[in-house]
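S.K.: Sequence unavailable; structure follows:
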């Protein structure tokens with residue numbers, strides 16, 4: 001019997017978010033849904049992440065309706081999956097259980113099957129409520145452990161730290177670290193575990209032993225999620241497949257590679273050669289890809305790379321002998337733990353298919369691509385581009401001072417922005433942290449949860465005024481105001497439980513979105529009433545004209561039909 005390899009397709013969420021700033025409209029989504037119904041992916045990630053915010057903010061669409069429409073068309077062929085950030089859901093500050101419960105319940109009712117839950121600090125306490133409420137609502141829980149790497153300090157920095165008495169800690173993010181997190185989440189009720197590498201930093205030489213160790217320890221399925229920005233993605237997924245991963249995350253070819261996940265088509269070619277059965281329907285995949293290529297052209301202004309992969313039907317087209325051999329070689333290297341050659345060979349394959357070259361700057365900096373571009377933009381706006389290298393030098397220290405948070409959204413952005421602020425302080429000949437963001441202060445204070453290593457109490461006091469960690473108190477949570485709008489018929493801004501949740505989770509964006517919705521409803525009501533009156537008048541005129549003259553005079557004397565004469 002062939003070994004099964006389950007595929008989670010990320011195209012409609014993470015794929016378009018990574019490549020096109022989450023700008024796919026509902027009408028574009030609708031064009032591919034009939035084909036997805038027959039594609040037979042194990043799961044489709046279609047919701048969560050940036051979707052709820054973006055579809056309201058940029059497309060004036062309802063995120064709940066998007067999830068419901070996808071469920072309506074695709075049915076039960078594939079499980080629908082979403083991404084949320086534990087107790088924080090989509091924001092920074094933790095929410096009370098009442099909001100989390102409402103969100104989980106409505107997500108499952110709207111069609112969600114799997115909620116992937118992660119915490120930016122890998123603080124398991126922040127994940128417990130969502131785990132509980134998704135399971136109570138009848139959904140499956142996918143608990144993600146965020147993959148990250150230890151900060152890289154120069155030799156000079158290490159020497160100075162020893163002399164100065166503030167030692168740089170030993171390696172923190174070891175295989176044992178990730179195993180302990182995964183085992184704890186399994187005990188809490190996880191239905192599957194994901195190693196979630198949003199930055200694409202996991203290398204084949206780490207993926208191999210990590211997957212092997214997790215498969216020995218876990219009784220539940222293991223999913224591997226990574227990106228291709230620094231060039232490790234396909235190699236690490238291949239190694240994970242060889243070492244026994246149960247599920248891998250992929251994106252269909254027109255949206256794959258670069259900042260997105262590896263292409264399904266390449267993973268399928270490897271799976272076929274490894275004797276693994278994905279059960280994915282090849283004809284449906286081809287039909288989806290044809291539509292996605294056209295949709296990518298329509299999203300051109302959001303497409304930073306503008307590099308289209310080679311047109312290739314993996315189930316019909318033949319590969320050149322050199323590339324065919326590269327597939328066989330890559331598998332052999334993966335089976336022999338020859339990780340350097342796995343990487344070289346998979347990158348050769350990706351080059352043949354015209355995927356973007358590895359981003360060497362991101363690879364060298366060992367930070368997520370989004371963090372890299374945000375720092376670049378921040379410095380460019382301040383006309384301080386020449387300080388970029390200095391910011392990269394400062395990032396490890398800023399991260400260490402804050403307790404070594406994983407470099408994932410949103411902590412990667414918090415650390416990146418603060419590093420820029422510190423360098424700007426330095427330029428002004430001021431001490432580091434003279435300029436500090438509220439988010440960095442909250443991170444150090446303990447508002448967002450426990451960091452992988454404790455924050456130095458003296459540093460915390462200097463930055464926040466308290467030596468002790470101060471967790472966020474959800475008892476002080478104040479629900480968003482839901483005002484009555486007099487000009488639109490005295491209706492409330494949010495009329496349903498789902499709209500109230502949008503208001504709680506995305507206050508500024510939802511206020512604008514819901515106000516536009518109430519305005520449209522009010523105008524539609526007025527137009528409908530005017531149409532009703534017009535139709536009534538037309539009907540009465542026809543009745544009047546059909547009468548004899550005597551009856552017409554009687555009607556006029558009685559004042560009937562006074563609306564129109």
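M.R.: Now that the structure is in, tell me what you want to look at. Predicted model only: the values in this text are computed from it and were never measured.
S.K.: rest of the way, CA atoms for contacts and neighbours
M.R.: Fine.
S.K.: surely residue 36 meets residue 282?
M.R.: No. Residue 36 lies out of contact with residue 282 (C-alpha atoms under 8 Å); the separation is 11.1 Å.
S.K.: Looking at these two, which one has more neighbours?
M.R.: residue 36 (23 against 18; other C-alpha atoms under 10 Å).
S.K.: ok, that one - contacts?
M.R.: With contacts defined as C-alpha atoms under 8 Å, 6 or more residues apart in numbering, the neighbours of residue 36 are 74, 284, 285, 288.
S.K.: Next up, phi/psi of the first one, please.
M.R.: Going back to what we said before, that points to residue 74. Per-residue torsions, residue 74: phi -80, psi -20 (degrees, to the nearest 10).
S.K.: Any chance of the contacts of residue 36 in JSON lines with secondary structure as columns?
M.R.: As requested, the contacts of residue 36 are exported to JSON lines (DSSP: H, G, I helix; E, B strand; the rest coil):
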{"residue": "74", "secondary structure": "helix"}
{"residue": "284", "secondary structure": "helix"}
{"residue": "285", "secondary structure": "helix"}
{"residue": "288", "secondary structure": "helix"}
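S.K.: Out of those residues, who's the most crowded?
M.R.: residue 285 (24 neighbours).
S.K.: Retrieve the pLDDT associated with it.
M.R.: Predicted confidence (pLDDT) for residue 285: 96.
S.K.: now swap in the one 3 residues further on and tell me
M.R.: In this prediction, residue 288 carries a pLDDT score of 98.
S.K.: Please report how far the closest residue in space to it that isn't next to it in sequence lies from residue 292.
M.R.: Once flanking residues are discounted, residue 288 sits nearest to residue 32: 5.6 Å by C-alpha to C-alpha, 6 or more residues apart in numbering. Here residue 32 is placed at a distance of 8 Å from residue 292 (C-alpha to C-alpha, to the nearest Å).
S.K.: cool, and residue 207?
M.R.: Distance from residue 207 to residue 292, by C-alpha to C-alpha: 30 Å.
S.K.: and the closest residue in space to residue 368 that isn't next to it in sequence, what does it touch?
M.R.: In space, and not counting its chain neighbours, residue 368 is closest to residue 199: 4.2 Å by C-alpha to C-alpha, 6+ apart. By C-alpha under 8 Å, 6+ apart, the residues touching residue 199 are 148, 226, 227, 229, 367, 368, 369, 407, 408.
S.K.: right, and the last one touches residue 122 too?
M.R.: To tie it back to what came earlier, the one meant is residue 408. No. With contact defined as C-alpha under 8 Å, residue 408 and residue 122 do not form a contacting pair (10.1 Å).
S.K.: who touches both of the two?
M.R.: With C-alpha under 8 Å, 6+ apart, residue 408 and residue 122 have common neighbours residue 146.
S.K.: quick one, strands of this protein?
M.R.: Secondary structure of the chain (DSSP state E): strands located at 3-4, 6-9, 43-48, 79-84, 114-117, 140-146, 192-196, 222-225, 247-250, 276-277, 484-485, 491-492.
S.K.: right, and those strands - which one's nearest residue 441?
M.R.: Nearest to residue 441, of all the strands of the chain, is strand 140-146, at 22.1 Å by C-alpha to C-alpha.
S.K.: What average pLDDT does that closest one get?
M.R.: Strand 140-146 comes out at a mean pLDDT of 98.
S.K.: so how far is it from its chain's centroid?
M.R.: Here strand 140-146 shows a centroid-to-chain-centroid distance of 13 Å under the convention C-alpha atoms, centre = their mean, to the nearest Å.
S.K.: could you check the angle strand 192-196 makes with it?
M.R.: Relative orientation of strand 140-146 versus strand 192-196 (axes from the mean of the first three to the mean of the last three C-alpha atoms, to 10 degrees): 30 degrees.
S.K.: Strand 140-146 relative to strand 79-84, how many degrees between them?
M.R.: 40 degrees.
S.K.: same for strand 140-146, what does it pack against?
M.R.: strand 114-117, helix 128-136, helix 175-187, strand 192-196 (3 or more C-alpha pairs under 8 Å, 6 or more residues apart in numbering; DSSP states H and E).
S.K.: Out of those, flag the one nearest residue 52.
M.R.: Nearest of the helices and strands packed on strand 140-146 to residue 52, taken as C-alpha to C-alpha: strand 114-117 at 14.5 Å.
S.K.: and that closest one, what does it pack onto?
M.R.: strand 79-84, helix 128-136, strand 140-146.
S.K.: Can you point out the buried residues in the second one?
M.R.: Just to be clear, that refers to helix 128-136. For helix 128-136, the neighbour count (16 or more other C-alpha atoms under 10 Å) marks 128, 129, 130, 131, 132, 133, 134, 135 as buried.
S.K.: so the first one touches residue 188, yeah?
M.R.: Yes. With the criterion set as C-alpha under 8 Å, residue 128 and residue 188 qualify as a contacting pair; they are 7.5 Å apart.
S.K.: thinking again about what came up before, could you dump the buried residues of helix 128-136 to TSV with distance to residue 550?
M.R.: Output for the buried residues of helix 128-136, formatted as TSV (distance: C-alpha to C-alpha, whole Å):
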residue	distance to residue 550
128	82
129	78
130	76
131	78
132	78
133	74
134	73
135	75
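S.K.: ok, the residues you listed vs residue 234, which is closest?
M.R.: The nearest one, if we look at the buried residues of helix 128-136 relative to residue 234 and count by C-alpha to C-alpha, is residue 131, at 30.2 Å.
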